[in-house]
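Participant: Predicted coordinates and the sequence they were generated for:
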Amino acid sequence: MRAVVQRVSRARVTVTGEITGEIGLGLLVLLGVGAGDTRAEADYLAEKTIGLRIFEDAGGKMNLSVAEVGGALLVVSQFTLYGDARRGKRPSFDAAAPPEQARELYEYFVEKVRAAGLRCETGRFQETMQVELINEGPVTILLDSAKGF
């Protein structure tokens, strides 16, 4: 699994004019599921995301997690994180999980975040979405359950 995690002051997802998820202070998580991923990868990535210390403490140092600042998460499924454009100019998405597997692991990831006591909003799986955000910092972190980066 891969995630692009952005520290935000606010973010929201809209599908055909309807807001499906919206948060204030917290994390926007663009989540991609790979073909070989399992719940173990989702567990790892959920724990890593929840525990990221990327919010500033009183001294201005990035030292606090989303839970410690009372923030929320907005998790948006994004299979294009597995796009491979190394050959040619049209990305291949062969490494992305098929929709059924991706949906199950995406929903499992969201459940893990909620089970940790955090508010977690979502986009709408397999829909065209508009994502708006105010990235604070800007702070953007790339996570990969295979630890490729």
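Facilitator: That came through fine. Numbers count the residues shown, from 1 in each chain.

Participant: Any idea what the residue nearest the centre of the chain is bridged to?
Facilitator: In the chain, the C-alpha nearest the mean C-alpha coordinate belongs to V29, at 2.0 Å (CA atoms, centre = their mean). Note on V29: beta-bridge partners by DSSP bridges are V5, V75.

Participant: pretty sure it is touching Q78, no?
Facilitator: No. V29 is beyond contact range of Q78, at 9.3 Å (criterion: CB atoms under 8 Å). All C-beta atoms are positioned from the backbone trio N, CA, C, and that covers glycine.

Participant: joint contacts of the two?
Facilitator: V4 (CB atoms under 8 Å, 6 or more residues apart in numbering).

Participant: end to end, how far does stretch 76-94 reach?
Facilitator: 20 Å (CA to CA, to the nearest Å).

Participant: Repeat that for stretch 139-149.
Facilitator: End-to-end distance of stretch 139-149: 16 Å, with CA to CA as the criterion.

Participant: Distance from that stretch to the middle of the chain?
Facilitator: 11 Å (CA atoms, centre = their mean, to the nearest Å).

Participant: Distance of the residue nearest to the centre of the chain relative to E56?
Facilitator: 19 Å (CB to CB, to the nearest Å).

Participant: cool, and A95?
Facilitator: 35 Å.
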